[in-house]
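Participant: prediction below, plus the sequence it came from.
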Amino acid sequence: MAGCAAALSSFFFEYDTPRIVLIRSRKVGLMNRTVQLLILAYVIGWVFVWEKGYQETDSVVSSITTKVKGVALTNTSELGLRVWDVADYVIPPQQENTLFVMTNIVATLNQRQSTCAELPDAKTVCISDDNCTFGSIDVHGSGVATGKCVHYNAHVKTCEVIAWCPVENDTYVPRPAFLKAAENFTLLIKNHIWYPKFNFTKRNILPNTSATYLKSCIYDTKSDPFCPIFRLGQIVESGGQSFQQMAVEGGIMGIQINWDCNLDRSASHCIPKYSFHRLDNQDSDHTVSPGYNFRFAKYYKDANGTEVRTLIKAYGIRFDTIVFGKAGKFDIIPTMINIGSGLALLGVATVLCDIIVLYLMKKRFYYREKKYKYVEDYEQVNRSLPNFTGEMSRDRLLLSPLGS
Amino acid sequence: MAGCAAALSSFFFEYDTPRIVLIRSRKVGLMNRTVQLLILAYVIGWVFVWEKGYQETDSVVSSITTKVKGVALTNTSELGLRVWDVADYVIPPQQENTLFVMTNIVATLNQRQSTCAELPDAKTVCISDDNCTFGSIDVHGSGVATGKCVHYNAHVKTCEVIAWCPVENDTYVPRPAFLKAAENFTLLIKNHIWYPKFNFTKRNILPNTSATYLKSCIYDTKSDPFCPIFRLGQIVESGGQSFQQMAVEGGIMGIQINWDCNLDRSASHCIPKYSFHRLDNQDSDHTVSPGYNFRFAKYYKDANGTEVRTLIKAYGIRFDTIVFGKAGKFDIIPTMINIGSGLALLGVATVLCDIIVLYLMKKRFYYREKKYKYVEDYEQVNRSLPNFTGEMSRDRLLLSPLGS
Amino acid sequence: MAGCAAALSSFFFEYDTPRIVLIRSRKVGLMNRTVQLLILAYVIGWVFVWEKGYQETDSVVSSITTKVKGVALTNTSELGLRVWDVADYVIPPQQENTLFVMTNIVATLNQRQSTCAELPDAKTVCISDDNCTFGSIDVHGSGVATGKCVHYNAHVKTCEVIAWCPVENDTYVPRPAFLKAAENFTLLIKNHIWYPKFNFTKRNILPNTSATYLKSCIYDTKSDPFCPIFRLGQIVESGGQSFQQMAVEGGIMGIQINWDCNLDRSASHCIPKYSFHRLDNQDSDHTVSPGYNFRFAKYYKDANGTEVRTLIKAYGIRFDTIVFGKAGKFDIIPTMINIGSGLALLGVATVLCDIIVLYLMKKRFYYREKKYKYVEDYEQVNRSLPNFTGEMSRDRLLLSPLGS
């Protein structure tokens, strides 16, 4: 009990610190300090100032709404004079982070369930019924073969299919794009972001913008970088593309909103940065179905109650809004981890200098003497040299009155 | 060869440990232990216990399906007595993480492609044809101007446009909301989550809930926190909003499902926590097109085969399901990083005490003597003081029989 | 001033290194080196080689487009002989990361707004008008009760409702699935990924694949692992499910694309890995509305201009494409953090050996003498033991000519 108390008191009232050799040498001293300075500069300059190693980070959570405005007028022999508005060219009418604006069309009017000649290609062209297999379905075809070979037009015969007839012919895509006026449509993006770890929220419509400004502004990298209303043509051009060229076969534009924020500073410094990139591949050699398109139909019933549909192959530009960003705020954990590893790195300076001083310098034996105290194993010491016993006995004397 | 073997054997059979000065002082000893204790408490208490620094973390991957149930009856002069069910008010019928429930409507029936007077506003009101420019398109307008000035009603004349006629008049939004009964609709959310790093999966329908409970339960923060069926009105109210007010102009509600899990504990402790927030901005001064709405059309053909459409401006509430969470599980790497930086931090205690002991205390010279051994540069030593040579020679004697 | 300069010069020209005891002992030496080796092996082998602790990591950002091809023929008494193509079975026609393929149908033709008998169930079956409450709305019902009790069929009477009539009867789901041919439909996935931190982009159509290969290939784990065209049946089977069984009630398949990349290696090693999992729950005991389905309607107008609709309860498979992955690239910060904590861990070897040597070994007192120098508090020293004063005075002599 008493021994335990003594050990405890010796534990609490003792202070141990390593014994240090202080070598007064210009060469080694300067080297040592230089290495320490470099490590310190790295730890403070790079880890703390540049990479903000003292901050806890969080990823953005975001909600987006989009709205397109604009009207286009087209005049074709098939559809006549026709005005296209939002309800016509945005399909489906709403999506979460994405928005599709139709810019080109291959429309097949008045399709009915019946039989007709398949679109001619290497597989479907036939001479007689023998070339057509009843019931065969081609993955790329429009329907199910009846086994007959019929006239597609005056020159070509193809296998007959049960399908929505007449079958769609998308060989020729209108050039220039049917809704080329889409270049001037405007897109409003409302983006609300949230950093859950810091409970920080913000919108891309900044608090100091007035309602009148919002009604008339158009985003511009230089003059209006915080206006949330974009001209479609400008989005595509900012991504280094030609709108009219992209409108023909469609494509995908990424609207990136970057919300990198340093929350140790005022919230008003946390502002969105917009950038625009084309996300699909334009290299038509290494791709299948280049551009972006999909098919949808409008269903009607004729006077007899038979279902009729208009099949539309819609080419267009899909605008994917990608919100990303990291917010940083001072936090004790990463600070401590970085200080800890920085301190450990400072020790590297001593290790480095030790290597040079103790192994590479001419006077290495002199320095080794100073740093090291060589001690033989106890067994060997007992059958040993007199000068060692001398050393030992002195140390023993020191220890004896304090031994626990 | 022999020298190399000797060096290797000396490397393997040597053990080096720093020499320590043990100072028996109540003041310094207590201070040292206190600082060490604080650092230890921080490392263990905060980094390990609170922030679980010994765990590897992973972010959640999730899949969601939603289903709304409910019927509403409306009675207006324009549409007559009408029942609205899921297929009528959920648009589009399915989306990935989001769901739109229409709560209010501005419907424009029987629109046809023709010419009619534009909706009157500052730009479109005219007195004569001179005020209207042929072919001009306004981004906020409904169509393309024909250049004529025609009667919009008995009092006002506006520029004529080619458009879907009659043009939509959304000046007055129905109050109270048209489908105000949506408050009592129910929303079932099925959420399946996955932590890929730990190959851990779970669903928000917990394994111990019975099918009969699921058929009748309604989520409630207190009494039914694990029921996956929500009343729309309650979601909005839990987010601190009034459903009837929000239903008029629409808005976006975030349904947040938090799956923070400690996978070192049993899987049954990993349960979803729901919370509800309004994600769009209610402050109508600093926003454009407040609330949430979009336009879509239903297309018909009349007896002559002309296309007719019903344009619907749908106001409603979009429910965005945001699943987030982090799972943690013991892993050796972060544990080691934190132990490593913790140990390095323990060294800070010695550094701190050294500063106090060696620079600030009255008896600092006494302690410095104990800690440091001052050594002059070799050059200086050679032309040097006799008492140093005495020290040196003794050390040399010690070293001599062991020198390699 | 002069004192300051002296302090500065002594700071820059001094080199301090800990004094070390080198104990030549086979036992302790080997133990020490073994522990150091283990720690080194862990730091290098596990942290650096295996977990790539020297790399900065980034999460993938991705964009996806999907396209389905295929035709199915059905023949029922209700709908007659009918061909289904993409525009019929993909609803809505496009979504961002997901795609729904309808595989089964409960269609209710020619619904009109009127009154009819509700579908019989425990709540709706009635004997007389007294059982039915005027104006009552059931969340699971089809409409609003009129308060009358009418014949549903020859045997059963149910409460009458104002609703889209006739009401849908989804008691019997067609088995086998209506569009069972969907098994052979193909799905093309175009995936473009981006690592923003490293500005690295890639597509799942690899640069060395030819256009002709892409036109005919079908994904196969072994023979065609980089073909971006999948057979629906195979996706479901790779997830361990039966397509025909899943097609009946629907479900959700996750198509996971893993883009784990080591960007220190050539970009051609960064390739997508596909895997397939069922994401919803098949265990019908613990779930509500098993499978995956939703309702939508096609709206028509009859000869009188009355709205008529076809309500479709669409069962089907939703394919959620989940892109994930981490890219790593050498970066100085994590390298330094890991080296720092590795060095600190190396210190653990000394601590561990010290514990063994100084507390557990038989000759611990011998080793303690060598490592420690015991110093009494200054106060105690002044009224103290003669042998200590002897020690002190010698050290004082050493210090005196160098004291600043």
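Facilitator: Sure thing, it's come through.
Participant: run the chain-centre distance for the host helix or strand of residue A:11.
Facilitator: Assigned by DSSP states H and E, residue A:11 belongs to helix A:2-12. Relative to its parent chain, helix A:2-12 has a centroid offset of 59 Å by C-alpha atoms, centre = their mean, to the nearest Å.
Participant: show me the contacts for the closest residue to residue A:353 other than its chain neighbours.
Facilitator: Nearest in space to residue A:353, with sequence neighbours left out and distances taken as C-beta to C-beta, 6 or more residues apart in numbering or on different chains, is residue A:32 at 4.6 Å. C-beta coordinates here come from the backbone N, C-alpha and C atoms, glycine included. Residues in contact with residue A:32, defined by C-beta atoms under 8 Å, 6 or more residues apart in numbering or on different chains, are A:349-350, A:353, C:14-16.
Participant: relative to residue A:124, how far out is residue A:32?
Facilitator: If you measure residue A:32 against residue A:124 using C-beta to C-beta, to the nearest Å, the figure is 84 Å.
Participant: hmm, back to that, what is the mean pLDDT for whichever helix or strand comes after the helix holding residue A:11?
Facilitator: Following helix A:2-12 in sequence order, the next helix or strand is strand A:14-18 (DSSP H and E). When the per-residue pLDDT values of strand A:14-18 are averaged, the result is 78.
Participant: name the residues that touch stretch A:47-58?
Facilitator: A:195-198, A:262, A:264, A:326-331, A:333-335, A:338, A:342, C:333, C:336.
Participant: filter these down to the buried ones.
Facilitator: By neighbour count, with 16 or more other C-beta atoms under 10 Å in any protein chain shown, the contacts of stretch A:47-58 hold A:195, A:198, A:326-329, A:333-334, A:338, A:342, C:333, C:336 as buried.
Participant: turn those residues into CSV, including secondary structure.
Facilitator: CSV is the format used below for the buried ones among the contacts of stretch A:47-58 (DSSP: H, G, I helix; E, B strand; the rest coil):
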residue, secondary structure
A:195, strand
A:198, coil
A:326, strand
A:327, strand
A:328, strand
A:329, strand
A:333, helix
A:334, helix
A:338, helix
A:342, helix
C:333, helix
C:336, helix
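Participant: which one of these is nearest chain B?
Facilitator: If you rank the buried ones among the contacts of stretch A:47-58 by distance to chain B using C-beta to the nearest C-beta, residue A:333 comes first, at 5.7 Å.
Participant: let me see the contact set for the closest one.
Facilitator: By C-beta under 8 Å, 6+ apart, the contact list for residue A:333 reads A:56, B:46-47, B:51, B:53.
Participant: mind listing which of these are in strands?
Facilitator: residue A:56 (DSSP state E).
Participant: quick check, nearest of the contacts of residue A:333 to chain C?
Facilitator: Comparing the contacts of residue A:333 against chain C with C-beta to the nearest C-beta places residue B:53 closest, at 11.9 Å.
Participant: do a quick rundown of the helices in the stretch 151-300 of chain A.
Facilitator: Shown for the stretch 151-300 of chain A, the helices assigned by DSSP state H, counting those that start in this stretch span residues A:211-216, A:232-238, A:243-249.
Participant: check the ones you listed for me and report the most buried one.
Facilitator: Each of those was scored by mean neighbour count; the highest is helix A:243-249, a mean of 21, by mean count of other C-beta atoms under 10 Å in any protein chain shown.
Participant: can you give me how far that helix is from the chain middle?
Facilitator: Distance of helix A:243-249 from the chain centroid (C-alpha atoms, centre = their mean) equals 26 Å.
Participant: can that helix be found next to chain C?
Facilitator: No - for helix A:243-249 and chain C, the contact criterion (C-beta under 8 Å from any C-beta of the partner chain) is not met; the two come no nearer than 12.7 Å.
Participant: residues in contact with residue A:314?
Facilitator: A:91, A:100, A:102, A:104-105, A:293-296, C:93.
Participant: and the residue of the stretch 101-250 of chain A that's closest to chain B?
Facilitator: Across the stretch 101-250 of chain A, no residue is closer to chain B than residue A:214, which sits at 4.6 Å (C-beta to the nearest C-beta).
Participant: roughly how far does that residue sit from residue A:227?
Facilitator: Spatial separation of residue A:214 from residue A:227 under the definition C-beta to C-beta is 7 Å.
Participant: what's the burial count for the one residue in chain A that gets nearest to chain B?
Facilitator: For chain A, the residue closest to chain B is residue A:340, as judged by C-beta to the nearest C-beta, at 3.0 Å. A count of neighbours around residue A:340, defined by other C-beta atoms under 10 Å in any protein chain shown, yields 26.
Participant: residues from the stretch 101-250 of chain A in reach of chain C?
Facilitator: A:113, A:137, A:139-144, A:161-164.
Participant: most neighbours among the contacts of residue A:32, which one?
Facilitator: Neighbour count (other C-beta under 10 Å) singles out residue C:15 as the most crowded of these, with 26 neighbours.
Participant: in the sheet, who's paired with that one?
Facilitator: Taking DSSP bridges, one obtains residue A:23 as the residues bridged to residue C:15.
Participant: contact partners for it?
Facilitator: Residue C:15 makes contacts with A:22-25, A:28-29, A:31-32, A:353, A:357, as judged by C-beta under 8 Å, 6+ apart.
Participant: try residue A:30
Facilitator: With contacts defined as C-beta under 8 Å, 6+ apart, residue A:30 is in contact with C:12-13.
Participant: quick check: buried residues in the helix or strand hosting it?
Facilitator: Secondary structure assignment for residue A:30, by DSSP H and E: helix A:26-41. Burial within helix A:26-41, assessed by neighbour count using 16+ other C-beta under 10 Å, is assigned to A:28-29, A:31-33, A:35-36, A:39.
Participant: hmm, which of the residues you listed is lowest in pLDDT?
Facilitator: The member of these with the lowest pLDDT is residue A:28, at 78.
Participant: pretty sure that residue contacts residue A:355?
Facilitator: No - Residue A:28 sits out of contact with residue A:355 when judged by C-beta atoms under 8 Å, with a separation of 11.6 Å.
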